[in-house]
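**Q** What follows is a predicted protein model with its sequence.
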4 protein chains.
Amino acid sequence: MTTLQSKWEELADIKDELAARDWFMGTSGNLAIKVSNEPLQFLVTASGKDKKKRTPEDFLLVNASGDLVEESNLKPSAETLLHCAIYEKTSSGCSLHVHTVANNVISELYGDKGKIDFQGQELIKAFGLWEEDDILSIPIIPNYAHIPHLAEAFKSHILADKGAVLIRNHGITVWGKDGFEAKKLLEACEFLFQYQLALHQIK
Amino acid sequence: MTTLQSKWEELADIKDELAARDWFMGTSGNLAIKVSNEPLQFLVTASGKDKKKRTPEDFLLVNASGDLVEESNLKPSAETLLHCAIYEKTSSGCSLHVHTVANNVISELYGDKGKIDFQGQELIKAFGLWEEDDILSIPIIPNYAHIPHLAEAFKSHILADKGAVLIRNHGITVWGKDGFEAKKLLEACEFLFQYQLALHQIK
Amino acid sequence: MTTLQSKWEELADIKDELAARDWFMGTSGNLAIKVSNEPLQFLVTASGKDKKKRTPEDFLLVNASGDLVEESNLKPSAETLLHCAIYEKTSSGCSLHVHTVANNVISELYGDKGKIDFQGQELIKAFGLWEEDDILSIPIIPNYAHIPHLAEAFKSHILADKGAVLIRNHGITVWGKDGFEAKKLLEACEFLFQYQLALHQIK
Amino acid sequence: MTTLQSKWEELADIKDELAARDWFMGTSGNLAIKVSNEPLQFLVTASGKDKKKRTPEDFLLVNASGDLVEESNLKPSAETLLHCAIYEKTSSGCSLHVHTVANNVISELYGDKGKIDFQGQELIKAFGLWEEDDILSIPIIPNYAHIPHLAEAFKSHILADKGAVLIRNHGITVWGKDGFEAKKLLEACEFLFQYQLALHQIK
């Protein structure tokens, strides 16, 4: 299997798993996985496809600018520029963007603060935070309708090879060294958001 | 495959997917897909079937008035008239009616206002609303027990080739150009309702 | 296929479907289906089995008193007497008892009132209530630890060939003419309980 | 099949079932099953594996101290010491540790009290509590980052061959005579936590 094929399969498996959880409601969400560094090329979800189905047209190969490497009648996701920013600024290998009810509600509740912090939660270890007083801080940026504008705001929070950024009422984007790590971070964030939401529903 | 067969499969796939989410609790819900324009004929779910199962008796072909095209010992869904209204007034190709806890609770909470509005939510793009200040407004009509009466109230909100109407404590009906779009709209609405419900549970 | 076999399959299918929803948490719940009227015999879930698995030992044939028709090293569910009461007093063919978080919380919230009423909800049509002002009233009885005592309290609410009774902090029992109707009633109740719970979480 | 193989399969089946419920979010959680008493050896989940997948590397055989019985390039779960404590102090055969939103929220809400009590709930029968006034009391210990320290605190609550302990914001650990019983206890606890949480969301 070529690298392209194995990366395709890795991303397709992740897509299946997230689709089974209904994390792509209303055709929202987009996923990317790096295939090569020189030149920088990555696979990204094609626009307007049903992510519950697994087909040979689910992903498109694009370059560092998000342009198609080969001609296609399909278009890469409208938010490909956000994935470009991640691969440009870090050595991470996979980036995932999904909408869940919990991540959108948290982004709205904490949007004015610009971030949400978690401390004392076992799950923050997913981000490599192992000390008792470590804090996981997830930034929240405004949801600019203009994608290049959004990408600029997003870029200022890409500070390490793994991370997570919430866009207000527009889901979360996480990135990590490979599909396995990116998925782990995504799940840890979702767990923490659901936890926080449940606490809010009580207090 | 004939158009009839391919439309049957398209609707059966949607039924399977929605059934897996338990969106047909208590045998509620009904689905329709257009097969031909001249004469207008569409498939609609047969009444009183278990929607968790996929059988050759799940759908019936009916005409513009909702009458059976061929004799059958089965009856079309009691709410077939609502689907008739959609195909009569628009060029849409698929219409879906389901009950979820979230859509029923929202219909009750906002029922007196007669509508619920969403703004600043990424998911409203599913309805083609891309501007930052766009508003998705979903009307809510009373749940008249008399179906022709209900169909009349419903009709007054069928204003475009895609749309959504909540019936108070009686689920949602969405329609779009084909099964893919109708399902996308249905999911976007459900996501927005769950989001709104979670906000209410906090405030 | 004999009646015994076909009824076994009907009940096993229902068990699979409810197990997939996690409605038998902690090995709770029990199910029954009538096989013959003269003599009265029905299948009931064996005690202490994993309901996520489908095996030839899942159900046992018992008589009107709940005693085994054939020797077995397995025991019928401890709550078999409740199913006996249903088949003794009605002509219904299937009875289902499950615990869900929603049905237990509702049984606690409305336990002192002894019942919960639903009106204006489309889903009450599952019980054959079609008029605009019809009310679905589900009785709630105390959870007596002594099963014959519990069965007596339960019996006083078996008033028709289909129905539903909540036991406080001990789930719901529904019955209907066959497996299809019993499951329909069970789902309608669960939907209504989740709806009511969501309203309480807001107000 | 050897005992090792049959115990491996028993634990793998449990892992599949819990993974399907998303009870291992962010690669959290770990599972163990006893294989032999003399010498004491048990299988425990390998660290850093995707629990959604079933592979020949999912579990490792360790001794009473939690050390590998055979060389491997994999490492046993960082929390293996907690499982060691259970097999050292009891005759139980299986122990399960998982994070759910409900168990973490309950551990936070009741953490200062050091325990949560359940009474009058049918589901406590899973723990062998059959009398009307029986109380299920689940201890909650602080989440010490230092695992040997955590194991010490945990040990003081291992008082019988079956039981459950919450670690604050760090999930639950249950143990029972075999996989079937451990899973039953785990499900009963989760049900009770979700129930309690729902009550809190109302009051």
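**A** Received, thanks.

**Q** make it CA atoms for all contacts and neighbour counts henceforth
**A** Noted.

**Q** show me the contacts for the residue nearest to residue A:99 when sequence neighbours are not counted.
**A** Nearest residue to residue A:99, sequence neighbours excluded (C-alpha to C-alpha, 6 or more residues apart in numbering or on different chains): residue A:171, at 4.1 Å. Shown in contact with residue A:171 (C-alpha atoms under 8 Å, 6 or more residues apart in numbering or on different chains): A:97-100, A:103-104, A:107.

**Q** pLDDT (mean, whole number) over the helix or strand where residue A:201 lies?
**A** Assigned by DSSP states H and E, residue A:201 falls within helix A:179-202. Helix A:179-202 carries an average pLDDT of 97.

**Q** following the least confident helix or strand in chain A by mean pLDDT, which helix or strand shows up next?
**A** Least confident helix or strand of chain A, by mean pLDDT, DSSP states H and E, is helix A:147-155 with a mean of 94. Sequence-wise, the next helix or strand downstream of helix A:147-155 (DSSP H and E) is strand A:163-167.

**Q** Tell me which strands that next one pairs with, and in which orientation.
**A** strand A:135-141 (parallel), strand A:172-176 (antiparallel) (DSSP bridges).

**Q** list the buried ones in it?
**A** For strand A:163-167, a neighbour-count test (16 or more other C-alpha atoms under 10 Å in any protein chain shown) marks A:163-167 as buried.

**Q** Test my guess that residue A:98 contacts residue A:172.
**A** Yes - counting by C-alpha atoms under 8 Å, residue A:172 is a contact partner of residue A:98 at 5.7 Å.

**Q** Sketch out the low-pLDDT regions of chain A for me.
**A** Of all residues in chain A, none has pLDDT under 70.

**Q** Might you enumerate the residues of it proximal to chain D?
**A** With the criterion set to C-alpha under 8 Å from any C-alpha of the partner chain, chain A comes near chain D through A:120-123, A:126, A:130-132, A:180, A:183-188, A:191, A:194-195, A:198-199, A:201-202.

**Q** can you narrow those to ones near chain B?
**A** Among the residues of chain A next to chain D, chain B is touched by A:201-202 when using C-alpha under 8 Å from any C-alpha.

**Q** Which among the residues of chain A next to chain D count as buried?
**A** A:120-123, A:126, A:130, A:180, A:183-188, A:191, A:194-195, A:198-199, A:201-202.

**Q** so which of the residues you listed also contact chain C?
**A** Under the cut-off given by C-alpha under 8 Å from any C-alpha, chain C has residue A:201 from those close to it.

**Q** And the residue nearest to residue A:99, how close does it get to chain D?
**A** 18 Å (C-alpha to the nearest C-alpha, to the nearest Å).

**Q** neighbours around the residue nearest to residue A:106 when sequence neighbours are not counted, how many?
**A** Nearest residue to residue A:106, sequence neighbours excluded (C-alpha to C-alpha, 6+ apart): residue A:193, at 6.5 Å. Here the number of neighbours of residue A:193 (other C-alpha atoms under 10 Å in any protein chain shown) works out to 23.

**Q** Over to the one 3 residues further on?
**A** Residue crowding around residue A:196 was assessed by other C-alpha under 10 Å; the count is 17.

**Q** List, one by one, the residues from chain A near chain B.
**A** Near chain B, when you scan chain A using C-alpha under 8 Å from any C-alpha, you find A:25-28, A:50, A:101-102, A:104-105, A:144-145, A:169-170, A:200-202.

**Q** switch to 10 Å and redo it
**A** Residues of chain A found near chain B (C-alpha under 10 Å from any C-alpha of the partner chain) are A:22-28, A:48-50, A:52, A:99-106, A:108-109, A:143-146, A:167-171, A:197-203.

**Q** Pull out the buried residues from those.
**A** Among the residues of chain A next to chain B, the ones that count as buried by 16+ other C-alpha under 10 Å are A:22-28, A:48-50, A:52, A:99-106, A:108-109, A:143-144, A:167-171, A:197-202.

**Q** From the residues of chain A next to chain B, which land in helices?
**A** Residues of the residues of chain A next to chain B located in helices (DSSP state H): A:101-106, A:108-109, A:197-202.

**Q** Take these and lay them out in CSV including distance to residue B:13.
**A** Converted to CSV, these look like this (distance: C-alpha to C-alpha, whole Å):
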residue, distance to residue B:13
A:101, 25
A:102, 28
A:103, 29
A:104, 29
A:105, 31
A:106, 33
A:108, 35
A:109, 37
A:197, 34
A:198, 34
A:199, 38
A:200, 38
A:201, 36
A:202, 39
